[in-house]
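>>> Using only what follows, build the 3D model:
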Amino acid sequence: MSRIGLLPVAIPSGVTVSVAGGQVSVKGPKGQLDRVVEMHTGVEIDGDTARVVRANDSREARARHGLMRADLSNMVTGVSNGFERRLVLTGVGYRAQMKGSGISMSLGFSHPVEIDAPDGIQFAVDGNTAVVVKGIDKALVGQVAANIRKLRPPEPYKGKGIAYSDERIRRKEGKSGKK
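Below is the predicted model of the structure:
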């Protein structure tokens, strides 16, 4: 039995959830998100709560039950509050700056790395060593942040690179000389 799937999703004021034709649509002050309802599941709306129900007790239905509930909860949170991921640039000469709606970063390469913001994503730069990725779609915010981090992942010896602000980098000891 899915413990996550059984929990109801609270719908705050200002957010509307509608189900039509196998599609869930969540509209709020920050925007609108649409998603196809997972197989073997359905969404029932009762006043200010939404509940995900499953068609049967098969293994696949139980797995998709929790997934659909988590996605619905993330959609409601996204259109009401939004999501953000903070990235920190560590290293000599590593810096970022806004360039239009995108960002331009110096990461130790022979050229600056420029990233354009996809639809639904906004960038912000704190100081010149912190990049904030904001949006209403949790999966898209996480994927864009992961793509930026992938450009120069933190290395374990000096800690240089792009890391999440809450990430802890395990540092390694360098070579020890012969004594």
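>>> I'd like to know how far the spatially most central residue of the chain sits from Pro153.
A centroid search over the chain (C-alpha atoms, centre = their mean) returns Gly142, at 3.0 Å, as the residue closest to the centre. Applying C-beta to C-beta, to the nearest Å, the value for Gly142 to Pro153 is 15 Å. Where C-beta positions appear, they are placed from N, C-alpha and C, glycine not excepted.
>>> Same question for Ala61.
38 Å.
>>> out of the two, which sits in the busier spot?
Ala61 (18 against 12; other C-beta atoms under 10 Å).
>>> That one is in contact with Val53, isn't it?
No. At 10.0 Å, Ala61 and Val53 do not qualify as touching, with contact defined as C-beta atoms under 8 Å.
>>> show me the contacts for Val43.
Val17, Val19, Val24, Val37, Ala50, Arg51, Val52, Val53, Met68, Leu72 (C-beta atoms under 8 Å, 6 or more residues apart in numbering).
>>> Now name the helix or strand holding it.
Per DSSP states H and E, Val43 falls inside strand 41-46.
>>> what does Ser176 give?
Residue-wise, Ser176 maps onto no helix or strand under DSSP H and E.
>>> tally of neighbours for it?
Around Ser176 there are 6 residues (other C-beta under 10 Å).
>>> Give me the pLDDT value at it.
With respect to pLDDT, Ser176 scores 81.
>>> Arg59 too?
As predicted, Arg59 sits at a pLDDT of 90.
>>> before we move on, what about Glu167?
So Glu167 comes in at 91 (pLDDT).
>>> ok, back up a step: so the residue nearest to the centre of the chain sits right up against Leu87, yeah?
No. The criterion here is C-beta under 8 Å, and Gly142 misses it with Leu87 at 11.6 Å.
>>> For the protein, just list every one of the helices.
Applying DSSP state H to the chain gives helices spanning 3-6, 59-80, 138-151.
>>> want to throw those helices into TSV with distance to Pro112?
Supplementary listing: the helices of the chain in TSV, determined by distance: least, C-beta to C-beta, whole Å:
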stretch	distance to Pro112
helix 3-6	43
helix 59-80	31
helix 138-151	11
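>>> Just name the most buried of those helices.
Most buried of the helices of the chain by mean neighbour count (mean count of other C-beta atoms under 10 Å) is helix 59-80; its value is a mean of 19.
>>> Show me what that one is packed against.
helix 3-6, strand 9-10, strand 23-28, strand 31-36, strand 41-46, strand 49-54, helix 138-151 (3 or more C-beta pairs under 8 Å, 6 or more residues apart in numbering; DSSP states H and E).
>>> Pairing partners for the second one, with directions?
Strand 9-10 has the following strand partners under DSSP bridges: strand 49-54 (antiparallel).
>>> Show me what counts as buried in the strand it pairs with.
Ala50, Arg51, Val52, Arg54 (16 or more other C-beta atoms under 10 Å).
>>> Thank you kindly, that will do.
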